[in-house]
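**Student:** my questions concern the predicted model and sequence given below.
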Protein chains: 2
Amino acid sequence: MISKRMSEKLNAGSMIRKMFEEGNRLKKIFGEENIFDFSIGNPDLEPPAEVTLELMNLINHPTPGMHGYMSNNGYLSTRNAVADKLTRSGNTTFSPDAICMTVGAAGAMNATLRAILDPDDEVILLAPFFMEYRQYIDNHFGKAVIVATDEGSFLPNIDRIAAAITPRTKAIIINSPNNPSGTMYPVSTLESINNLVNSYEQVIHIISDEPYRELVYDGQSVPPTQDYIDNLIICYSWSKSLSLPGERIGYTAVGPRHPDLDVLSPAIAMANRILGSVNAPALFQKVIEKAMDVKVDVALYENRRNLLYDIVTSAGFSCRKPQGAFYLFVKSPEPDDMAFSQVCAQHNLLVVPGSAFAMPGYFRLAFCVAESTIKGSSIAFTAVSKHYGLNAQ
Amino acid sequence: MISKRMSEKLNAGSMIRKMFEEGNRLKKIFGEENIFDFSIGNPDLEPPAEVTLELMNLINHPTPGMHGYMSNNGYLSTRNAVADKLTRSGNTTFSPDAICMTVGAAGAMNATLRAILDPDDEVILLAPFFMEYRQYIDNHFGKAVIVATDEGSFLPNIDRIAAAITPRTKAIIINSPNNPSGTMYPVSTLESINNLVNSYEQVIHIISDEPYRELVYDGQSVPPTQDYIDNLIICYSWSKSLSLPGERIGYTAVGPRHPDLDVLSPAIAMANRILGSVNAPALFQKVIEKAMDVKVDVALYENRRNLLYDIVTSAGFSCRKPQGAFYLFVKSPEPDDMAFSQVCAQHNLLVVPGSAFAMPGYFRLAFCVAESTIKGSSIAFTAVSKHYGLNAQ
C-alpha cells in the first residue's frame, strides 16, 4: 500500500543507482580493484584541510545553542558570508535576505519548486540533464518539458526553448558546467536566455543549478549567472567544491533583480521548513561560513579528466573535452546505450547510459575516482572498443 | 509569481513562528530578561557531553569518505545500531533494512507521506496535534481529516476515529507523548488503535511521531509502539532527546509485522532521496550511532515542568500535569485563545494559542526554557490571572 505514483517510480528506479548496486555486486565477485566504476559522482577527494580545522575549532570551542534551531533560512552570519561571496564573484550585490541555507542543492531545488509550482505548471529541462530534476518537478506535481540542446556543443538552443514556452511555463532549469556533458555556458548563452525570458509578460524563473560552479578547467572560470540573468534563483551545494556531499549543505540565492525577490525568499524559506529540512544542518552552516573561499584541488580533477579523456579517445571513442564538472559524455558506438552499458559491464566497466539523462546514444563517465581506477580502465576501454571494431589510435 | 498554494500558506504563516518573531520584537524593546517566551520547543539544554566527545573523536580520527554519499537510507552501521536500540526497547525485533536515516522527524514524516500518498488520500489527525502535520500532508496533496480526542484526557477516541475512516484513509498520525498536550497513550489505547485498523481490509498505516519517546516524567516510560501496533511506521528525531534540533538527524522505522514492510522501506528511502535530503547528514549519523543510549538529563525538564505547572495552576489556570514532552496545555480563561494570547503578550508573556493545534480554547507553554524564565514569569501569569478575575491560590 505505497502510493501508485511511488510504486511506478520504484519500478523504474534510478539508472545511476542501479549501476551503483551492480558495481557493488561485481566488486564482491571480482574484487574492488578489478572493477572500473565510473557510474557515480561521489567526489573521491577528501574535504580540504581548512574544513577539518574549522570543524575542530567549532567543537573545541562550543557556544550555547550551536546545535539548536535557528531561522528557517539559516544563520544570519552564514547568509551574510554567502551573500558577500556571491557579491565578490561578480558585479551583482546580494543581500543576506535573498539567501536560504538548504540541505544541499537537491534540498534547494525542491524548496524552490515547492515555492513556485502549482499542479501542471511546466518546467523546461534542457537535455541532457541530471535525471533527478524530473523527480523534483514531479514531487510538486509540475510537468517537465524536455527541450534538446544543440547537437555536439550541448548548448541551450534558444529557438527550441522559445517554441516550448507556454502560458503554463513557470521555470527553466539551467546547469553550467553541465552534468552530464561538462559544457559551460558562455556569456552570450546566458544573455540570450535572459532576453528570451524577459520578452514574455509572465514571470519565468531561471533556476540555475550550480554545484560545479568552481569546478572548471584549463584556467577558465564560469561566468557569474547573477550578472546576466534577472529572474535568477541559484541552487548551490558544497558537495563538490568541498567534497561534502554526505553532509547536505547548500543554499538558494534569489537574484537581486528578480521581480519577485520579496515574496520568493520567504516562500523558499517556508518550503524549506515544511518539506522537512526545517533548516540546513547547523554545524556545517558554521563550517562553510569560515571556508567560503576554500575549494578542493581542482588541478587533481583536471588531471583525471585529461587522463580519462586520453584513454577513452585513444580507444577510439568520440567525446568533447568537458570544460567543467566531473563527467565525460561519450558517444555510444551503438545507438542503444542501454545495450552498450551492458557490454561494458561484461568488461567490468561501469558507465551510465545517456538515456538516464534524456540523451540516448551517449554514455557518462564520472572521473571523480582514483587515478588508479582511471589508469587501470584502459584495458577495459580497449576491449570494448575492439568489441565494436572502433579505430583505436 | 510564487505558486497560489504557497501564497495562501505564506499569508497564513505559522502561529508558532509568528509568536517567535513577536518575541524577538519585544525582546529588543524590553530586554531579553523581561520577556517570558514559552512559544517554541527549542530545547535549551546543551547536548550531553558524550555527543561532543564523539564529535571530537570522529574529527580527530577521520576516515576516508566520512563526509561522502552513502546509501539513501543511511550507513548500515548506523541502521544496525538503531535497529538494535529499538529491539532492546521492547519485545519486537527490527532489521536494519527497516530503518531509513532521515533529516529529523520532519524529514521522516515527509518521506513517509511521499511514499504512501496519492492525491486526495486521507490522513487522520487527532486534535490537538502539531500543526506542521497539515503542511506535510498538503505537500503531497493528501487530505487531513481532523478527529477530536477525548475531552480532558486528550486520548484518542476510537469510535470517533472509526467514524472518520473511509476507503481513502491511508494513515493515522499518532504522537505520544503528545505535542501539545503532554498526554502519553497507555497500552490499552495502542491496542485499541491496532484492533480498529486491523478490522479493515485496506491497509491503514499508523505513523507514530516519537520525538518525545524518552522525555517522560514521574518514573514512567512510554509503551513501545512496536509491541502493540502492526501497521507501524515510527518517525523519530534526536532533536529533543540529544538536544540536536539544528543538526537534523532522525529516522523512519517500519514495524516488522507491517504487511508492506518489503516495499515500504525502499519507497521511503527513495522518497528521502528525491525530496532533496538524499541522505541524513553523514557526520551526525556516526555521532548518534555511538550515543544510542545517551539522553539529556530528563530530571531537569521534569523540574521545569513542576515549576511551571505550580506557577500556572497557583495563578488560577486549569491544566493537566503533562506526563511527557515539553509542554503545558492550559485552558484559556476566555474561549477566544487568539485574543487571550494577545492579552498575554501585553504582559510580556508569549504563549501559542490552542488554535495552532486545532484546539481553540487552550494555549500551549513550552517549558524547555531557562529556570529563570519560568520563575520570573510568575508575575506575568498572576497579572493575566487578575485581568481575567481568576481564583489564584
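**Tutor:** Sure, I can see it.
**Student:** domain map for chain A?
**Tutor:** Using automatic domain parsing, the domain parsing of chain A gives A:4-47+A:297-388, A:65-290.
**Student:** please identify the deepest-packed of those.
**Tutor:** Stretch with highest mean neighbour count among these: domain A:65-290 (a mean of 22; mean count of other C-beta atoms under 10 Å in any protein chain shown). Every residue, glycine included, has its C-beta placed from N, CA and C.
**Student:** what's the end-to-end length of it?
**Tutor:** 18 Å (C-alpha to C-alpha, to the nearest Å).
**Student:** and what of stretch A:365-379?
**Tutor:** End-to-end span of stretch A:365-379 (C-alpha to C-alpha): 16 Å.
**Student:** next, see if it gets close to chain B.
**Tutor:** No. Stretch A:365-379 does not reach chain B (C-beta under 8 Å from any C-beta of the partner chain); its nearest approach is 10.4 Å.
**Student:** cool, and stretch A:244-262?
**Tutor:** Yes. For stretch A:244-262 and chain B, the contact criterion (C-beta under 8 Å from any C-beta) is met by A:Leu244, A:Pro245, A:Gly246, A:Glu247, A:Arg248, A:Pro259, A:Asp260.
**Student:** circling back: out of the domains of chain A, flag the one nearest B:Ala358.
**Tutor:** B:Ala358 lies closest, by C-beta to C-beta, to one member of the domains of chain A: domain A:65-290, at 16.6 Å.
**Student:** how far is that closest one from where the chain is centred?
**Tutor:** Domain A:65-290 sits 10 Å away from the centroid of its parent chain (C-alpha atoms, centre = their mean, to the nearest Å).
**Student:** worst average pLDDT in the domains of chain A?
**Tutor:** Lowest mean pLDDT within the domains of chain A: domain A:4-47+A:297-388, at a mean of 92.
**Student:** show me how far it is from its chain's centre.
**Tutor:** That offset, for domain A:4-47+A:297-388, works out to 16 Å (C-alpha atoms, centre = their mean).
**Student:** again, but for stretch A:54-70
**Tutor:** 29 Å.
**Student:** can you list the neighbours in contact with it?
**Tutor:** A:278-279, A:282-283, A:285-287, A:290-291, B:40, B:42-44, B:46-47, B:52, B:55-56, B:59-60, B:243-247 (C-beta atoms under 8 Å, 6 or more residues apart in numbering or on different chains).
**Student:** where along the stretch 251-393 of chain A do the strands fall?
**Tutor:** A:327-331, A:349-350, A:352-353, A:362-366 (DSSP state E, counting those that start in this stretch).
**Student:** any chance of a markdown table for those, columns distance to A:Met338?
**Tutor:** Shown next, in a markdown table, are those (distance: least, C-beta to C-beta, whole Å):
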| stretch | distance to A:Met338 |
| --- | --- |
| strand A:327-331 | 15 |
| strand A:349-350 | 14 |
| strand A:352-353 | 5 |
| strand A:362-366 | 10 |
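**Student:** in helices, which of the contacts of stretch A:54-70 fall?
**Tutor:** Of the contacts of stretch A:54-70, the ones assigned to helices by DSSP state H are A:Ala282, A:Leu283, A:Gln285, A:Lys286, A:Val287, A:Lys290, B:Thr52, B:Leu55, B:Met56, B:Ile59, B:Asn60.
**Student:** which residues touch the fifth one?
**Tutor:** The neighbours of A:Val287, taking C-beta under 8 Å, 6+ apart as the test, are A:Val51, A:Glu54, A:Leu55, A:Leu58, A:Ile249.
**Student:** just flag the most distant two among those.
**Tutor:** A:Leu58 and A:Ile249 (13.6 Å).
**Student:** the one helix or strand A:Leu125 maps to close to chain B?
**Tutor:** Per DSSP states H and E: A:Leu125 is located in strand A:122-127. No. In terms of C-beta under 8 Å from any C-beta, no part of strand A:122-127 sits within range of chain B; the closest distance is 12.1 Å.
**Student:** repeat for stretch A:78-90
**Tutor:** No. Figure legend: stretch A:78-90 not in contact with chain B (C-beta under 8 Å from any C-beta); closest approach 11.7 Å.
**Student:** contact partners of that stretch?
**Tutor:** A:73, A:92-101, A:224, A:226-227, A:234, A:251, A:253, A:285-286, A:288-289, A:292-293.
**Student:** helices - which of the residues you listed land there?
**Tutor:** Among the contacts of stretch A:78-90, the members falling in helices are A:Gln285, A:Lys286, A:Ile288, A:Glu289 (criterion: DSSP H).
**Student:** tell me the one among these nearest to A:Ile311.
**Tutor:** The closest of the ones in helices among the contacts of stretch A:78-90, once distances to A:Ile311 are taken by C-beta to C-beta, is A:Ile288, at 34.7 Å.
**Student:** wait, isn't that closest one in contact with A:Ser237?
**Tutor:** No. Assessed by C-beta atoms under 8 Å, A:Ile288 is found out of contact with A:Ser237, at 10.3 Å.
**Student:** what's the overlap in contacts for the two?
**Tutor:** A:Ile249.
**Student:** where does the nearest residue to A:Pro266 once chain neighbours are set aside sit, in terms of helix or strand?
**Tutor:** Counting by C-beta to C-beta, 6 or more residues apart in numbering or on different chains, B:Leu10 is the residue found nearest to A:Pro266 once chain neighbours are left out, at 6.1 Å. Assigned by DSSP H and E, B:Leu10 belongs to helix B:4-12.
**Student:** which elements pack onto that helix?
**Tutor:** With contacts defined as 3 or more C-beta pairs under 8 Å, 6 or more residues apart in numbering or on different chains; DSSP states H and E, the packing partners of helix B:4-12 are helix A:104-116, helix A:261-274.
**Student:** after it, which helix or strand is next?
**Tutor:** With secondary structure assigned by DSSP H and E, helix B:4-12 is succeeded by helix B:15-30.
**Student:** just checking, what packs against that next one?
**Tutor:** Looks like helix B:15-30 contacts helix B:337-346, strand B:349-350, strand B:352-353 (3+ C-beta pairs under 8 Å, 6+ apart).
**Student:** what's near enough to touch A:Ser7?
**Tutor:** With contact set as C-beta under 8 Å, 6+ apart, A:Ser7 has these partners: B:Val263, B:Ala267.
**Student:** ok, A:Ser237 touching A:Gly250?
**Tutor:** Yes. Counting by C-beta under 8 Å, A:Ser237 does reach A:Gly250; the two are 3.6 Å apart.
**Student:** so what sits against both of the two?
**Tutor:** Listed as contacting both A:Ser237 and A:Gly250 by C-beta under 8 Å, 6+ apart are A:Gly104, A:Ala105, A:Ala108, A:Pro211.
**Student:** between the residues you listed, which is closest to chain B?
**Tutor:** A:Gly104 (6.2 Å; C-beta to the nearest C-beta).
**Student:** isn't that closest one up against A:Ser239?
**Tutor:** Yes. Contact criterion C-beta under 8 Å: A:Gly104 and A:Ser239 qualify, at 5.9 Å.
**Student:** name the nearest residue to A:Met359, sequence neighbours excluded.
**Tutor:** Using C-beta to C-beta, 6+ apart and skipping residues adjacent in sequence, the residue nearest A:Met359 is A:Pro128, 3.7 Å away.
**Student:** hmm, that neighbour is touching A:Phe357, no?
**Tutor:** Yes. Between A:Pro128 and A:Phe357 a contact is recorded at 3.8 Å, counting by C-beta under 8 Å.
**Student:** contact partners for the residue of the stretch 101-250 of chain A found nearest chain B?
**Tutor:** The minimum distance from the stretch 101-250 of chain A to chain B, using C-beta to the nearest C-beta, falls at A:Gly246 (3.1 Å). Residues in contact with A:Gly246, defined by C-beta under 8 Å, 6+ apart, are B:Met66, B:His67, B:Gly68, B:Tyr69, B:Met70, B:Asn279, B:Pro281, B:Ala282, B:Leu283.
**Student:** go again using 10 Å as the cut-off
**Tutor:** A:42, A:104, A:239, B:65-70, B:74-75, B:278-283, B:285-286 (C-beta atoms under 10 Å, 6 or more residues apart in numbering or on different chains).
**Student:** that older thread, same list (the helices and strands packed on helix B:4-12) but as TSV, adding distance to B:His205.
**Tutor:** Formatted as TSV, those follow (distance: least, C-beta to C-beta, whole Å):
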stretch	distance to B:His205
helix A:104-116	23
helix A:261-274	20
